[in-house]
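1. sequence below, structure please.
(chains A and B)
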Number of protein chains: 2
Amino acid sequence: MSDLSMNCVPIGFVSSPYKIRGDAPKQGRLTDEVSIITLDPTYMDAAEGLSIGDDLFVICWFDRSDRTVLQSRRFGEEKNPLRGVFSTRSPNRPNPIALTLVKLVHIEGGLLTVKGLEALDQTPVVDIKPYSLSIDTPRND
Amino acid sequence: MSDLSMNCVPIGFVSSPYKIRGDAPKQGRLTDEVSIITLDPTYMDAAEGLSIGDDLFVICWFDRSDRTVLQSRRFGEEKNPLRGVFSTRSPNRPNPIALTLVKLVHIEGGLLTVKGLEALDQTPVVDIKPYSLSIDTPRND
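-> Have a look, this model is predicted:
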């Protein structure tokens, strides 16, 4: 079972109206724009059980990010000092894994239409997970 | 900037009381056990700005997962039919990227002590992101 490499495979790709960096909103939820995730046919069985209306974490590989950046500024804090990228949601980070909560609004075969994704066109998708209120909200202790 | 490979680098490793599959709770939040993330010194600058009490998404690479599994059962639904892994939080999936919301309880140099992580001992960590109430909760529209 063990696999020593940590190489991601694309399970699909994003089609979005955002063609270059600067087009994409800082956080997808600021817009009502929809994106389409085209699943690789190899992974169709893995999508069984997804339903319209689901809240899903889409995990993308931001292939146009700069992986050498270790410090950045938080969105909205451009005048503030640099922070380590692990305390920001900057797309630039050692592993350019992006986490975005989206709403699934349509499914047709291997095409998932989602609202709330901020990814650039042709961004590889590496995972999809259902949001869970019980595990994805902070503990109060 | 563009990088055609999708190879993750470990930014650190987990030290936890869970040595083999079966030891780890299904969801880390069911326990008060703490785990320690030992950051790779290369990425120390990326951790600047993290504070005790932060709610953080820790993204691990579950290296002992089975990447060939496309369908599974949800935790607590063992009698139910198989579902696609993209509609479950199963550790077995094409890219064994695990998403766990933890509480940062202590920092000492490159050692981050966290509560709520369910990862096996020596699991590679590939990213850490701050939880954000505004972007990590579902939209109601």
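2. pull the longest strand from chain A.
-> As assigned by DSSP state E, the longest strand anywhere in chain A is strand A:97-108.
3. and after it, which helix or strand comes next?
-> Proceeding N to C from strand A:97-108, the next assigned helix or strand is strand A:111-115, under DSSP states H and E.
4. wait, residue A:105 sits on residue A:113?
-> Yes. If you go by Cβ atoms under 8 Å, residue A:105 and residue A:113 touch, sitting 5.1 Å apart. Where you see a C-beta, it was placed from the backbone N, CA and C, and this is true even at glycine.
5. joint contacts of those two?
-> Shared contacts of residue A:105 and residue A:113 (Cβ atoms under 8 Å, 6 or more residues apart in numbering or on different chains): residue A:34.
6. which one's more surrounded, these two?
-> Taking other Cβ atoms under 10 Å in any protein chain shown, residue A:105 and residue A:113 do not tie; residue A:113 has more neighbours (17 against 14).
7. how close does the more buried one get to residue B:104?
-> To residue B:104, residue A:113 is 36 Å away according to Cβ to Cβ, to the nearest Å.
8. what are the buried residues along the longest strand of chain A?
-> A:97, A:98, A:99, A:100, A:101, A:102, A:103, A:104, A:107 (16 or more other Cβ atoms under 10 Å in any protein chain shown).
9. between which two of those residues is the distance greatest?
-> Greatest spatial distance in the buried residues of strand A:97-108: A:97 and A:107, 24.2 Å, computed using Cβ to Cβ.
10. picking that back up, I'd like the buried residues of strand A:97-108 written out as a markdown table, with pLDDT and distance to chain B added.
-> What follows is these, written out as a markdown table (pLDDT from 0 to 100; distance: Cβ to the nearest Cβ, whole Å):
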| residue | pLDDT | distance to chain B |
| --- | --- | --- |
| A:97 | 98 | 5 |
| A:98 | 98 | 9 |
| A:99 | 98 | 6 |
| A:100 | 97 | 8 |
| A:101 | 97 | 6 |
| A:102 | 96 | 9 |
| A:103 | 97 | 6 |
| A:104 | 98 | 10 |
| A:107 | 97 | 11 |
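11. what is the nearest of these to residue B:137?
-> Using Cβ to Cβ, residue A:101 comes nearest to residue B:137 of those, at 7.4 Å.
12. which other helices and strands does the longest strand of chain A contact?
-> strand A:55-61, strand A:111-115, strand B:55-61, strand B:124-130 (3 or more Cβ pairs under 8 Å, 6 or more residues apart in numbering or on different chains; DSSP states H and E).
13. out of those strands, which gets nearest to residue A:45?
-> Nearest of these (Cβ to Cβ): strand A:111-115, 14.4 Å.
14. give me the low-pLDDT residue ranges for chain A?
-> Applying pLDDT under 70 to chain A flags residues A:1-4, A:25-31, A:75, A:141.
15. please enumerate the strands of it.
-> Assigned by DSSP E, the strands in chain A fall at A:12-15, A:34-39, A:55-61, A:71-72, A:83-84, A:97-108, A:111-115, A:124-130.
16. can you tell me if the first one touches chain B.
-> Looking back up the chat, that one is strand A:12-15. No. Judged by Cβ under 8 Å from any Cβ of the partner chain, strand A:12-15 stays clear of chain B, getting no closer than 9.8 Å.
17. quick one: contacts of that strand?
-> Contacts of strand A:12-15 (Cβ under 8 Å, 6+ apart): A:35-40, A:43, A:60, A:110, A:112, A:117, A:119-125.
18. go on, the third one?
-> For strand A:55-61, the surrounding residues in contact (Cβ under 8 Å, 6+ apart) are A:8, A:10, A:14, A:37, A:50, A:96-104, A:114, A:117, A:119, A:123-131, A:136, B:6, B:86, B:95, B:97, B:99, B:138.
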